[in-house]
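**Q** Pasting a predicted model and its sequence here:
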Amino acid sequence: MNVVCLVIDRLQAGYVGAYGNTWIETPNLDRLASQSFLLEHALIDSPDLERLYRSYWQGWHALCPAPPPETRPSLAALFREAGATTELLSDEPLLARHPGAEDFDDLIEIDPPWQPETARRIDQTHFSRCFERAIDRLSSVRGPFMLWCHLGGLGTTWDAPLEFRQAYREPGDPPPPEGAEVPERMLPPDCDPDELLGISQSYAGQVSLLDACLGAFLDMFDGLPAAGETLLTVTSSRGFPLGEHRRVGPCDDALFGELVHVPWMVRFPDAAGAAARSQALVEPADLWATLLDWCEVDGVPDSPSAESILRLVRRENGPLRDRLCIAGRDGGRAIRTPAWFLRTGSPPELFAKPDDHWEVNDVTSLCPEVTECLRDALAQYEQTLSAGRIADLPALSDILVNGLE
């Protein structure tokens, strides 16, 4: 009944080899993917960490009425009642104040780097310190346990040694920037492409650092006595925009794929689903449901939207769901189906899926009927969340699921 959950904030799925990236070296993430059940279409339900972690820890979708009922136990509380030791390791101060954090037996806070600067060696980096603390905790834990690690090193400091980003510089490229501060801004329409190239190379270097640290973690973790009885899952709480829609960094957290589409891999100790992939639409609350399902925890409350992915691993029939809905800042919303992605707003933006992977071609004017149907489906989703379970929703029409012929 052991669980290790690694949440890597600001890891964009498009920068991982197992998700199609070909220019960044991520051998250890790819190694883990080959040993894991991989979810191709994992989307967050909100870029706001407080609401997102309601989904992770309470199975309470970001669009559900807040706060969750006081009688609703957290993931940590349910594991504790089942006899497991629970620990939270985080470098995100917000999580230490989250109501769900109170139920962990132990909280290990790692100070974020307030004055970031590039390191000379890997072992001087923030990621390295975080993974060392995680291994230290795993080396000393006894009996059933859950270790939840939230690591923000892609969104707080780009402190990888400079050679990591320079490795992605091609002949004739200008030198990438040398600072460790994480960029955050809207780019002008006439942005210098060399500037964006340098930012992308710096992010790539930080991803390579993460991959190296993860590799060392996996090597040590697999040598621990408990490894053979431990589920290991790696995901991200938010992606990182790198100029795809003129945004770099968190900026306004616009609900595009580079922000909301995240990697999610689950390595089961019995190798169930290893190297398999699923096209199902999955969301953060599904992680809550999956961990409780796999550990066979009793007394689990109903969730308005969560579904365990174990039936995907077991190849049971039927789709998991036909839509995902996302809550953005200032009332912004988005809905994703197998065939479409709609961002609400004035004006709304509609993109055909899965072909338009990074939402390049807005087809709202070409498909006004689809736009209106998706708006109605989103409103119906929110209403159903407030009233009961999403399972009560009627199925979407064929055009919303399969697209135009």
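**A** Looks like it arrived, so ask away.

**Q** all helices for the stretch 301-405 of the chain, in order.
**A** Per DSSP state H, counting those that start in this stretch, the stretch 301-405 of the chain carries helices over the ranges 310-313, 368-387, 398-402.

**Q** again but with the stretch 51-200 of the chain, I slipped
**A** 75-81, 93-96, 126-140, 153-156, 162-166, 193-221.

**Q** Tell me which of these sits nearest to Phe104.
**A** If you check each of these against Phe104 by CB to CB, helix 75-81 wins as the nearest, at 4.7 Å. Quick note: C-beta positions are derived from backbone N, CA and C, even for glycine.

**Q** sorry, back to before: from the helices of the stretch 51-200 of the chain, which stretch is densest packed?
**A** helix 153-156 (a mean of 24; mean count of other CB atoms under 10 Å).

**Q** Can you tell me which helices and strands that one packs against?
**A** helix 126-140, helix 193-221 (3 or more CB pairs under 8 Å, 6 or more residues apart in numbering; DSSP states H and E).

**Q** In TSV, list the ones you listed along with distance to Arg165 and mean pLDDT.
**A** Below are the helices and strands packed on helix 153-156 laid out as TSV (distance: least, CB to CB, whole Å; pLDDT from 0 to 100):
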stretch	distance to Arg165	mean pLDDT
helix 126-140	14	95
helix 193-221	3	97
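
**Q** how deep is the closest residue to Asp298 other than its chain neighbours tucked in, by neighbour count?
**A** Excluding the flanking residues, the one nearest Asp298 by CB to CB, 6 or more residues apart in numbering is Ala82, at 7.0 Å. When counting by other CB atoms under 10 Å, one arrives at 16 neighbours for Ala82.

**Q** Go ahead and confirm Ala82 touches Met1.
**A** Yes - between Ala82 and Met1 there is a contact under CB atoms under 8 Å: 7.0 Å.

**Q** Overlap in contacts, these two.
**A** Taking CB atoms under 8 Å, 6 or more residues apart in numbering as the criterion, Ala82 and Met1 both touch Pro144, Cys295.

**Q** can you put the helices and strands packed on helix 153-156 in JSON lines and add distance to Val234?
**A** Below are these laid out as JSON lines (distance: least, CB to CB, whole Å):
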{"stretch": "helix 126-140", "distance to Val234": "12"}
{"stretch": "helix 193-221", "distance to Val234": "8"}
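
**Q** Quick check: which of those helices is nearest to Pro304?
**A** helix 126-140 (31.7 Å).

**Q** chain center to that closest one: distance?
**A** On the basis of CA atoms, centre = their mean, to the nearest Å, helix 126-140 sits 21 Å off its chain's mean C-alpha point.

**Q** again, but for stretch 101-119
**A** So, by CA atoms, centre = their mean, the centroid of stretch 101-119 is 19 Å from its chain's centroid.
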